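Visitor: Pasting a predicted model and its sequence here:
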Amino acid sequence: MDTEEKTLVEILEENNLIDLAKYINYVSASQAGAIATFSGTTRDTFEGKTVVELRYEAYVPMAIRQIKSICSSARSSWDIHSIAVAHRLGAVPVGETSVFIAVSAVHRADALDACKFLIDELKASVPIWKKEVYSNGEVWKENSEFMERKLELGNTNGSCCRRNLKLETHGTKGCCGAKVKVADGIAAEISTVDAGNEETI
């Protein structure tokens, strides 16, 4: 099977749950000694605030194209058998999965490293936007990985899309150490696509 036939990328429209078994089964193979997975779920609190749900919007054609590119980059760095990536749009209540990645490889080191790379790159570069909905309000968030990438590219003034952003660190290192809040509370208008979001490459 050609490597392009072993990658599945899906952006799921609102009210479509991620079937974890589907993606694990997709990457399973007799020659793969390891399957690494990442499941991003909605937690119930953030900084002492009660979280009701997360809401995701995306520019779907570009999101799919960018995820495919990230998968290609992973394949060029690690010996991977199969990759499956799924991301939900719309409301994702507490306890439900919003993003799922499964990677199979002959050896666990390749699967684990590639899986971490895929989620980090997805959060840094894929046009999927998240709103956190609390019991007492809501706020659009930008991932710390996105802000770090932006700074790496030389835009260090802390603003994006003509909005003032505030970078907040929470004393931890890694994927969730910083969060960005939209200071002026204005959200940009975002378009979504209703059809053609499932794609196998």
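Guide: Good, I have the coordinates. Note that the structure is predicted; figures quoted are calculated from it, not measured.
Visitor: Quick one: residues contacting residue 73.
Guide: 117, 121 (Cβ atoms under 8 Å, 6 or more residues apart in numbering). Placement of C-beta: from N, CA and C, glycine included.
Visitor: and it, which of the three is it?
Guide: Three-state call for residue 73 (DSSP: H, G, I helix; E, B strand; the rest coil): helix.
Visitor: where's it relative to residue 67, distance?
Guide: To residue 67, residue 73 is 11 Å away according to Cβ to Cβ, to the nearest Å.
Visitor: neighbours around residue 35, how many?
Guide: Residues lying near residue 35 (other Cβ atoms under 10 Å) number 21.
Visitor: I'd say it and residue 102 touch.
Guide: Yes: between residue 35 and residue 102 a contact is recorded at 6.1 Å, counting by Cβ atoms under 8 Å.
Visitor: Can you pull the residues that touch both of the two?
Guide: Common neighbours of residue 35 and residue 102 (Cβ under 8 Å, 6+ apart) are 24, 27.
Visitor: can you give me the helices for this structure?
Guide: Assigned by DSSP state H, the chain shows helices spanning 20-27, 60-77, 108-125, 144-152.
Visitor: deepest of these, which one?
Guide: Among the helices of the chain, helix 108-125 has the highest mean neighbour count (mean count of other Cβ atoms under 10 Å), at a mean of 19.
Visitor: Extract the C-alpha trace of it and format it as CSV.
Guide: Taking C-alpha atoms only, helix 108-125 is exported to CSV below (Å, rounded to 0.1, in the frame of the first residue of the first chain):
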residue,chain,number,x,y,z
ARG,A,108,6.9,2.8,19.7
ALA,A,109,9.5,5.7,19.6
ASP,A,110,8.4,6.6,16.1
ALA,A,111,4.7,6.4,16.9
LEU,A,112,5.0,8.4,20.1
ASP,A,113,7.2,11.1,18.6
ALA,A,114,5.2,11.5,15.5
CYS,A,115,1.9,11.7,17.5
LYS,A,116,3.3,14.5,19.7
PHE,A,117,4.6,16.3,16.6
LEU,A,118,1.2,16.0,14.9
ILE,A,119,-0.9,17.5,17.7
ASP,A,120,1.7,20.3,18.4
GLU,A,121,1.8,21.3,14.7
LEU,A,122,-2.0,21.0,14.3
LYS,A,123,-2.4,23.4,17.2
ALA,A,124,0.3,25.8,15.9
SER,A,125,-0.7,26.0,12.2
